[in-house]
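K.L.:
3D model of this:
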Amino acid sequence: MRTDPDPVPPHKTAAEAMMAKTTKQDVLFPVGHTSFLTNEAEHLRLEKQLFSIKDDFLYACITYGEGLEDKPFSGFTRTKGLGYAFLAFFAQRAFGVHRFPFFPDRNACDSLTDRQRKTVIDCVQMLSAERVNAICNELIDIHQHALNLLQEKGVDEVHLTRKIRDGGDCPVSGENYAQTIMTLKKAAQVMGLDTIQLEMDVLNSWGDDTGYSFFPILLRQSIPAKDVLYFSNMIANRDAPVGGHRMAVEQAEWVVLNRSPTGVMACAIDDIVFDESLYEQSKTWSRHQYARFLENHTPFAFRNAHRIDERYASRTLGWRLTRAGRLKYLFAALSPFGCLRD
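P.N.:
Model (predicted):
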């Protein structure tokens, strides 16, 4: 007896539609060998496409650091740590991005370990005013190179996605960024709103592939080309073989500049997708409760030296894993790969 295939879950259909419309840098700017070009022509094409970062400190901030004798910290492509914090500082200085008082980048408000404090002191002591200016000028050159490449392809807007993990205690923390996004979307749907507001950092990593598929929330944004700082297929690796290429930045990564003085951006609720079969709200809310949540919620996180008020979803009124969700996270915990990075 013939049986009909199981219907595709709505969130998967929506996610596949989003991914189909992303701006693929591997299509526009391939770094692998293209069969229709000779080796010499391929080398010239890559030479024109790739930007070789001159300053060691800036190279360390952006990349994996391959080819450096000394790596003071991990670059942004690995984690939002000290390398990211310095890179965000250079970007703000280079592009005139100024946050209002009490709305600094979230990363800049983290407490530092003694070892990190020593690294910061060592770094700032070697960063003279002249070198800082030179780094900022090179960052402007990197941005212009990205813009030139996109303009040559007739691209004035890129369509990108970002995966967000329900992090913390893995599986579910009742008070985190992911929980807040899920609650905001649900509240907006109930109240008939088209968009919600989210806080984001000065620099944010977006993607154009299906990486981090285990992260439960998918965001989509259409971003003006002028806000693309750089992307992975345009950054040269200093340790790459002669005439070849190896990724200096995580594959399919786009780093985007957030110019908002508050860090707040609007996001259409249709551009937020998550698997509701894995999550359910801890309590059933009334329309009045959703309205009250939206009224009380603010993306404006006031900070002074520490994360004093993140304005995230309430732990007692958050989301929890369904049975299917608990099984999925259990399998992930038993996986040799463990939890993925934030």
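K.L.:
list the buried residues in stretch 141-161.
P.N.:
142-143, 145-147, 149-150, 158-161 (16 or more other Cβ atoms under 10 Å). Yep, even glycine has a C-beta here, placed from its N, CA and C like the rest.
K.L.:
correction: the previous question concerned stretch 133-142.
P.N.:
Neighbour-count burial for stretch 133-142 flags 135-136, 138-139, 142 (criterion: 16+ other Cβ under 10 Å).
K.L.:
ok, so of the buried residues of stretch 141-161, who is nearest Gln221?
P.N.:
For these, the residue nearest Gln221 by Cβ to Cβ is Leu160; the value is 5.9 Å.
K.L.:
count the neighbours of Tyr64 for me.
P.N.:
20 (other Cβ atoms under 10 Å).
K.L.:
where does the stretch 1-150 of the chain dip in pLDDT?
P.N.:
For the stretch 1-150 of the chain, the stretches flagged by pLDDT under 70 are 1-20, 33-37, 108-110.
K.L.:
where along it do the strands fall?
P.N.:
Read by DSSP state E, counting those that start in this stretch, the stretch 1-150 of the chain holds no strands at all.
K.L.:
ok, the stretch 151-300 of the chain next?
P.N.:
Going by DSSP E, counting those that start in this stretch, the stretch 151-300 of the chain shows strands at 157-164, 195-199, 203-207, 217-224, 228-231, 253-257, 264-268, 272-274, 279-281.
K.L.:
and these, which one averages the lowest pLDDT?
P.N.:
Lowest mean pLDDT of these: strand 279-281, a mean of 70.
K.L.:
ok, and the closest non-adjacent residue to Phe29?
P.N.:
Asn233 (4.4 Å; Cβ to Cβ, 6 or more residues apart in numbering).
K.L.:
thinking again about what came up before, mind putting the strands of the stretch 151-300 of the chain in TSV, distance to Thr322 included?
P.N.:
Supplementary listing: the strands of the stretch 151-300 of the chain in TSV, determined by distance: least, Cβ to Cβ, whole Å:
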stretch	distance to Thr322
strand 157-164	19
strand 195-199	23
strand 203-207	27
strand 217-224	15
strand 228-231	36
strand 253-257	32
strand 264-268	25
strand 272-274	12
strand 279-281	5
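K.L.:
before we move on, the earlier item: next one: the residue nearest to Phe29 from Leu127, what distance?
P.N.:
Distance, Asn233 to Leu127, using Cβ to Cβ, to the nearest Å: 29 Å.
K.L.:
between the two, point out the one with more neighbours.
P.N.:
Asn233 (25 against 15).
K.L.:
can you pull the contacts of the more buried one?
P.N.:
Asn233 makes contact with 25-26, 29-31, 49, according to Cβ atoms under 8 Å, 6 or more residues apart in numbering.
K.L.:
so what sits opposite the residue most central in space within the chain in the bridge?
P.N.:
Nearest to the mean C-alpha position of the chain, by Cα atoms, centre = their mean, lies Ser205 at 2.6 Å. Here Ser205 sits in beta bridges with Val255, going by DSSP bridges.
K.L.:
distance of it from Phe231?
P.N.:
10 Å.
K.L.:
hey, what's in contact with both of those two?
P.N.:
Common neighbours of Ser205 and Phe231 (criterion: Cβ under 8 Å, 6+ apart): 253-255.
K.L.:
from the residues you listed, which is closest to Arg115?
P.N.:
Nearest to Arg115 among the shared contacts of Ser205 and Phe231, with distances taken as Cβ to Cβ, is Val255, at 26.2 Å.
K.L.:
surely that closest one meets Val228?
P.N.:
Yes. Between Val255 and Val228 there is a contact under Cβ atoms under 8 Å: 7.5 Å.
K.L.:
and the buried residues of stretch 141-161 as JSON lines, adding distance to Gly65?
P.N.:
Formatted as JSON lines, the buried residues of stretch 141-161 follow (distance: Cβ to Cβ, whole Å):
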{"residue": "Ile142", "distance to Gly65": "16"}
{"residue": "His143", "distance to Gly65": "21"}
{"residue": "His145", "distance to Gly65": "20"}
{"residue": "Ala146", "distance to Gly65": "21"}
{"residue": "Leu147", "distance to Gly65": "25"}
{"residue": "Leu149", "distance to Gly65": "24"}
{"residue": "Leu150", "distance to Gly65": "26"}
{"residue": "Val158", "distance to Gly65": "26"}
{"residue": "His159", "distance to Gly65": "30"}
{"residue": "Leu160", "distance to Gly65": "25"}
{"residue": "Thr161", "distance to Gly65": "27"}
